[in-house]
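Trainee: Here is my input, please return the structure:
(2 chains)
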Amino acid sequence: MWAPPMLLALSLNPPGASAANVEASLLSELSAVARSAPFHVGIRMKIRRGWHIYWKNPGDSGLPPRITWTLPKGFVAGPIEWPIPHRSAENDLMTYGYDRDVILPVRITPPRTLEGDSITIQGKLDWLECADVCVPGSTELRLSLAVSSGPAPPSPDAPALAAARARLPVSPEGWSFSAEAGPRAIALDFVPPKGIAPRGGYLFVDKPLVTEHAAPQGFERTGNGYRLTLLPAANAAGNLARLSGVLVIEDAGHFKNRIGVNLDVPVVPGDPAPAPVKTERPGWPILAYAALLGIAGLGLWIQLYRARRKHSNTNR
Amino acid sequence: MNRIATVACILLLAPSLTAHAAAIVGSSAPPLELRDADGKTVRLDAYKGKFVVLEWVNRQCPFVRKHYGSGNMQALQKRYTEKGVVWLSVCSSAPGKQGYVKGPEAKEWMAEEKAAPTDFLLDPKGKVGKAYGAKTTPHLFVIDPKGKVVYNGAIDDKPSTNREDIETARNYLSAALDASMAGKKVEVAATQPYGCSVKY
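Mentor: Below is the predicted model of the structure:
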C-alpha cells in the first residue's frame, strides 16, 4: 500500500514484456439464444509467438486462466473445458499449457423463460502470460446475442468452436486403467480400445503435489497393455489415494494424432519400479522429418553446385 | 517441429532430471552454504537451535511484487524475526535472467522495499535452489530448530497477482510458524507453491 508508484509500474511491466501478449475474446456457437437450449461459448485466447498461458494444473509454476461470469438472470455457466495441453520444459522445471491460439469452451444453459430481445454474457477473465518472464493479464469479455423463439442457427464462429471441442480429451469409455504407487514410483497400467496402438504416452496429472512434473515418464509395453511410470512428488504423501488427469497417447496409426483421455482412478499401494531409463523414443515421424531434411539439403547442395558451376562458366 | 524439439529436449535433459533433490517435510533440510549480499558465507547449520524461513525471491516477478508492493512480506519478516526466527531471502536467478542481483543491488532493493530478512543470499548457480526443489518465486520453507523441514510450499492459499487477495487469504507460512513454534503439529505442511518459475 506504501509502494512507490515507480515500483508499481515496474510490477505491471517487467523488463522484456510488453503489455499484451495475449488477446482474449468471447465467441458463441449459436447466433442467438433459445430458452432451455444449452450451447457453448468459447474464450478465444490469441497468444503471441514465444508466449504461453497455462492449463488447469499449470505444473511447476504459473496460473490457469480464471473467469468470473456476470450472466443474465437464470443463466448458468459450466466450468472451462480444457483442451489437451502441451508441455514446456525449462531449466529443470515443467509447465503445462498452451503456446498457440486456443479456444476454451464453456457450456451455457439459458433458463426456461427468456425476456427481452437480446441478452449479454459478460465475464472478467484473468490470466498469467509468460515467456521468460510473466505478466498478469485481465480483461472484460462481452457477448450480446439475440433471443430466438425457435432453434437458433449457428454463428460464423461455430466451426472454430466445434474444432476446439473436438480437441478436448474424451471420456475413458473402452479403456481400462489401474494404478499403483509406492515410494519410488507411480505406475499407470492401461489397455486402450481395439484399433489404438500407442507408440508413446504422457499423463498430465491434474492435481498438485502428486508427481514431479519435470521428471521423464516411462512408457513401455506390458503383457496385455502399456505402462506409464511417474516419479512421485517430493511431498506426495497423502495425495496418492487417486490418480487423475489426462492421458495423452501418440497413436501409431495416425501421423501426429494426439488422443487425450480423461481418467480418475483409485491407486493401490505397492512398490512399482522406477521409470525405465530409456523413455520417449522418437518414432517414425522424426525419422521422416530427418529424411525430408536430408533430401532438402541434398537438393540445395545440387542447386548451389549448379549455380556455382554456371557462375564459374560465365566468369571464364 | 515443436514436438520434435520437445522430444529432443526431453532426451537431452533426461539424465539431468533423474536425480531429484528436495526439501521433504519431516526430513532433514538439505545443506545450505551461500554468500550473502555482503559477500559473507552463510551456512544453515550455523542456525541450529532456531527456526529458519527460506524465501525464494525474484524482485521483478509479479507474484513477488504482490507481496512486497503490499508490504505483506516485509510485515511477516518483521513479525517473525522479532520472535527470534532467522529469515533468509534467497535469489537463484542466473546471471542474465530476470531477478538476477549482485550484492550491492540486492541491498539497494532491500532498502527501497524496507525488507527485513535476517539475510539475503545469492545463489546464481541455482545449487541450493535445486537442492531444495525451489520452483517458484515466492516459494517458502520452514526449518525447525532440529534442522527438519516443517513446511514447504506457497505463502498462502490465493494463487494470484492481486494484492486485494492477501487480506482474505489463509497464510500457510504464518500458520506453519505459529504452530511449530508453539510445539504443535503443522496442519498444512506441504502445498503447491505459486508464482513465476525460478529463473535458473
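Trainee: The closest residue to residue A:118 other than its chain neighbours - how many residues pack around it?
Mentor: Take residue A:118 and drop its neighbours on the chain: the residue closest to it by C-beta to C-beta, 6 or more residues apart in numbering or on different chains is residue A:146, 5.0 Å away. Just so you know, the C-beta spots here come from the backbone N, C-alpha and C atoms, and that holds for glycine as well. Residue A:146 has 13 neighbours, counted by other C-beta atoms under 10 Å in any protein chain shown.
Trainee: Then residue A:147?
Mentor: By other C-beta under 10 Å, 17 other residues sit near residue A:147.
Trainee: surely it meets residue A:119?
Mentor: Yes. Between residue A:147 and residue A:119 there is a contact at 6.3 Å, judged by C-beta atoms under 8 Å.
Trainee: overlap in contacts of these two?
Mentor: residue A:33 (C-beta atoms under 8 Å, 6 or more residues apart in numbering or on different chains).
Trainee: tell me the SS of the residue nearest to residue A:118?
Mentor: Recorded secondary structure, residue A:146: strand (DSSP: H, G, I helix; E, B strand; the rest coil).
Trainee: Specify the beta-bridge partners of residue A:30.
Mentor: residue A:154 (DSSP bridges).
Trainee: Could you list the low-pLDDT ranges of chain B?
Mentor: Applying pLDDT under 70 to chain B flags residues B:1-20.
Trainee: In it, mark out all the helices, start to finish.
Mentor: B:2-17, B:62-69, B:72-81, B:103-113, B:127-132, B:165-168, B:172-181 (DSSP state H).
Trainee: which of the ones you listed is buried the deepest?
Mentor: Of all the helices of chain B, helix B:62-69 has the most neighbours on average by mean count of other C-beta atoms under 10 Å in any protein chain shown, namely a mean of 24.
Trainee: tell me which strands and helices that helix is in contact with?
Mentor: Applying 3 or more C-beta pairs under 8 Å, 6 or more residues apart in numbering or on different chains; DSSP states H and E, one finds that helix B:62-69 contacts helix A:5-12, strand A:134-147, helix B:72-81, strand B:136-137, helix B:165-168, strand B:196-197.
Trainee: Apply 7 Å and report the result again.
Mentor: Here helix B:62-69 touches helix A:5-12, strand A:134-147, going by 3 or more C-beta pairs under 7 Å, 6 or more residues apart in numbering or on different chains; DSSP states H and E.
Trainee: Hmm, residue A:204 is touching residue A:245, no?
Mentor: Yes. Under the criterion of C-beta atoms under 7 Å, residue A:204 makes contact with residue A:245 at 4.9 Å.
Trainee: shared neighbours of those two, which are they?
Mentor: The contact sets of residue A:204 and residue A:245 do not overlap (C-beta atoms under 7 Å, 6 or more residues apart in numbering or on different chains).
Trainee: quick one on the thing from earlier: what bridges to the residue nearest to residue A:118?
Mentor: Applying DSSP bridges, one finds that residue A:146 bridges with residue A:32, residue A:118.
Trainee: Am I right that it is in contact with residue A:32?
Mentor: Yes. At 4.3 Å, residue A:146 counts as touching residue A:32 under the criterion of C-beta under 7 Å.
Trainee: Identify the residue nearest the residue nearest in space to the middle of chain A in space, chain neighbours excluded?
Mentor: Centroid-nearest residue in chain A: residue A:85, 1.8 Å away (criterion: C-alpha atoms, centre = their mean). Nearest-residue entry for residue A:85: residue A:55, 3.7 Å, with adjacent residues in sequence omitted and distances by C-beta to C-beta, 6+ apart.
Trainee: Repeat that for residue B:189.
Mentor: With C-beta to C-beta, 6+ apart as the criterion, residue B:189 has its nearest non-adjacent residue at 4.5 Å, and that residue is residue B:25.
Trainee: again, but for residue A:156
Mentor: Using C-beta to C-beta, 6+ apart and skipping residues adjacent in sequence, the residue nearest residue A:156 is residue A:31, 8.0 Å away.
Trainee: these two touch, right, the one you found and residue A:152?
Mentor: Yes. Shown here, residue A:31 and residue A:152 form a contact pair, counting by C-beta under 7 Å, at 5.9 Å.
Trainee: Which of these two has more residues huddled nearby?
Mentor: Using other C-beta under 10 Å as the criterion, residue A:31 and residue A:152 rank with residue A:152 on top: 19 against 15.
Trainee: Tell me the confidence at that one?
Mentor: Residue A:152 is assigned 91 on the pLDDT scale.
Trainee: Just list the residues touching it, thanks.
Mentor: By C-beta under 7 Å, 6+ apart, the residues touching residue A:152 are A:30-34.
Trainee: and it, what are its phi and psi?
Mentor: phi -90, psi 140 (degrees, to the nearest 10).
Trainee: Neighbours of the closest residue to it other than its chain neighbours, how many?
Mentor: Counting by C-beta to C-beta, 6+ apart, the nearest residue to residue A:152 once its immediate chain neighbours are dropped is residue A:32, at 3.9 Å. Neighbour count of residue A:32, defined by other C-beta under 10 Å: 20.
Trainee: now stretch A:47-62: mean pLDDT?
Mentor: Regarding stretch A:47-62, the rounded mean pLDDT is 97.
Trainee: And that stretch, end to end?
Mentor: In stretch A:47-62, first residue to last residue: 16 Å (C-alpha to C-alpha, to the nearest Å).
Trainee: What of stretch B:73-91?
Mentor: End-to-end distance for stretch B:73-91: 15 Å, by C-alpha to C-alpha.
Trainee: is any part of it close to chain A?
Mentor: No. Judged by C-beta under 7 Å from any C-beta of the partner chain, stretch B:73-91 makes no contact with chain A; its nearest approach is 9.6 Å.
Trainee: got the contact list for that stretch?
Mentor: Residues outside stretch B:73-91 that contact it (C-beta under 7 Å, 6+ apart) are B:47, B:50-58, B:67-68, B:99, B:101, B:106, B:113-123, B:128-129, B:173-174, B:177.
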